[in-house]
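Enquirer: Next input, structure requested:
(4 chains)
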Protein chains: 2
Amino acid sequence: MPTRTAAQRRTEAKHAYNAYLAQCPSRQLLASLSDKWVTLVLCALGEQESRYSMLGRKIPGVSQKMLTQTLRTLERNGLVQRSVTPTVPVRVDYTLTALGHSLLPVISTIKQWAEQHMPQVRTAQDRYDRHSQADHAEPLRRLA
Amino acid sequence: MPTRTAAQRRTEAKHAYNAYLAQCPSRQLLASLSDKWVTLVLCALGEQESRYSMLGRKIPGVSQKMLTQTLRTLERNGLVQRSVTPTVPVRVDYTLTALGHSLLPVISTIKQWAEQHMPQVRTAQDRYDRHSQADHAEPLRRLA
DNA sequence: CAGAATCCGTCTTGATACTG
DNA sequence: CAGTATCAAGACGGATTCTG
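Expert: Here you go, the predicted structure:
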């Protein structure tokens, strides 16, 4: 008797990669996509191709270090194209590749979700924090 | 005189939250969603509600610490519901909330994207790595 | 302009050990 | 079972300096 159904085996054949598994390369990829700078840079480039300094301005709070590092990783993964115009001073433009564009709708939806559901999340956080206070701090505050 | 233009105020009215801005709470939320453990736990719970130890088994490589921490954050943000059955030993079940379910399709798409586009990304990485080698190491290897 | 390189303090991780 | 506590290692972030 097989441990997997035919349907399950078909699913595996389609996927081939399984991000749940630590050894699977797709897990590494998932990890590199699960990054706030990656999300923000990708969304920014999705709105319009940009030069290095413009990206920095569009995403207040990134350090040069993180911006450069993020762009390098994205370039290495084939999501972003870096093109240098050898003027003086040099001009460097970053654009999404076709692969990058295929990811954009997915990633930008997350950013949108975060922006749109902030109120619900806040409510949940307040409730959680109030209850934690009641659970742990109340005994010390009974007479306060 | 207002510090914001009318256009800016209109944009704010539409979005209210802007994840590009470091001070915006939605940016914190985005950052907490942009996490590999969050993605994997959410996907796992999307497939079926689970107990703590089952999650650990479904996601090989998570430390207890990270699993617990991730679950706590998700619970605080209202994405996950934690329910304790006071048996001996205790039984704890985790399920997605309605809010969590609203995020699930978005987040699971990322995991799928990573699994499905792994080949293209590999190709890109190989190309990048070969070129870096050529750019930086070749001069030292001319006669090798 | 678009970085690379370096120092350095802080925050996160992950492994290990212990608990009700 | 479902965690908590702890500690060392590494990643991250900021500021600064330098380059072509």
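
Enquirer: pretty sure residue A:30 is touching residue A:20, no?
Expert: No - the criterion here is C-beta atoms under 8 Å, and residue A:30 misses it with residue A:20 at 9.6 Å. (Each C-beta comes from the backbone N, C-alpha and C, glycine too.)

Enquirer: Overlap in contacts, these two.
Expert: residue B:40 (C-beta atoms under 8 Å, 6 or more residues apart in numbering or on different chains).

Enquirer: Show me what residue of chain A gets nearest to DNA strand D.
Expert: Nearest residue of chain A to DNA strand D (C-beta to the nearest atom of the strand) works out as residue A:63 at 3.4 Å.

Enquirer: tell me the phi and psi of that residue?
Expert: phi -80, psi 160 (degrees, to the nearest 10).

Enquirer: Residue numbers of chain A in contact with DNA strand D?
Expert: A:37, A:61-66, A:89-90 (C-beta under 7 Å from any atom of the strand).

Enquirer: From those residues, which land in strands?
Expert: Under the assignment DSSP state E, those contribute nothing to strands.

Enquirer: In TSV, list these along with distance to residue B:131, pLDDT and neighbour count.
Expert: Below are the residues of chain A next to DNA strand D laid out as TSV (distance: C-beta to C-beta, whole Å; pLDDT from 0 to 100; neighbours: other C-beta atoms under 10 Å in any protein chain shown):
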residue	distance to residue B:131	pLDDT	neighbour count
A:37	23	95	20
A:61	31	88	13
A:62	26	92	20
A:63	26	92	10
A:64	23	93	10
A:65	23	93	8
A:66	23	93	16
A:89	24	89	5
A:90	19	93	9
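
Enquirer: out of all of them, which helix in chain A is the longest?
Expert: Assignment by DSSP state H gives helix A:98-116 as the longest helix of chain A.

Enquirer: and the angle for whichever helix or strand comes after that helix with helix B:98-116?
Expert: Following helix A:98-116 in sequence order, the next helix or strand is helix A:118-132 (DSSP states H and E). Helix A:118-132 and helix B:98-116 are oriented at 110 degrees to each other (axes from the mean of the first three to the mean of the last three C-alpha atoms, to 10 degrees).

Enquirer: Give me every residue in chain A lying close to DNA strand C.
Expert: Residues of chain A found near DNA strand C (C-beta under 7 Å from any atom of the strand) are A:51-54, A:64-65, A:68, A:71-72, A:82, A:89-92, A:94.

Enquirer: Sort out which one of those residues lies nearest chain B for me.
Expert: Nearest to chain B among the residues of chain A next to DNA strand C: residue A:72, at 9.0 Å, using C-beta to the nearest C-beta.

Enquirer: Model confidence score at the closest one, please.
Expert: If you check residue A:72, the pLDDT there is 95.

Enquirer: Based on its surroundings, how many neighbours for it?
Expert: 14 (other C-beta atoms under 10 Å in any protein chain shown).

Enquirer: Residue ranges in chain A under the pLDDT threshold?
Expert: A:1-15, A:133-144 (pLDDT under 70).

Enquirer: Give me the subset of the residues of chain A next to DNA strand D lying in helices.
Expert: Per DSSP H, these map to helices at A:37, A:64-66.

Enquirer: JSON lines for these, including distance to chain B?
Expert: JSON lines is the format used below for these (distance: C-beta to the nearest C-beta, whole Å):
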{"residue": "A:37", "distance to chain B": "9"}
{"residue": "A:64", "distance to chain B": "15"}
{"residue": "A:65", "distance to chain B": "16"}
{"residue": "A:66", "distance to chain B": "12"}
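
Enquirer: Lovely, talk soon.
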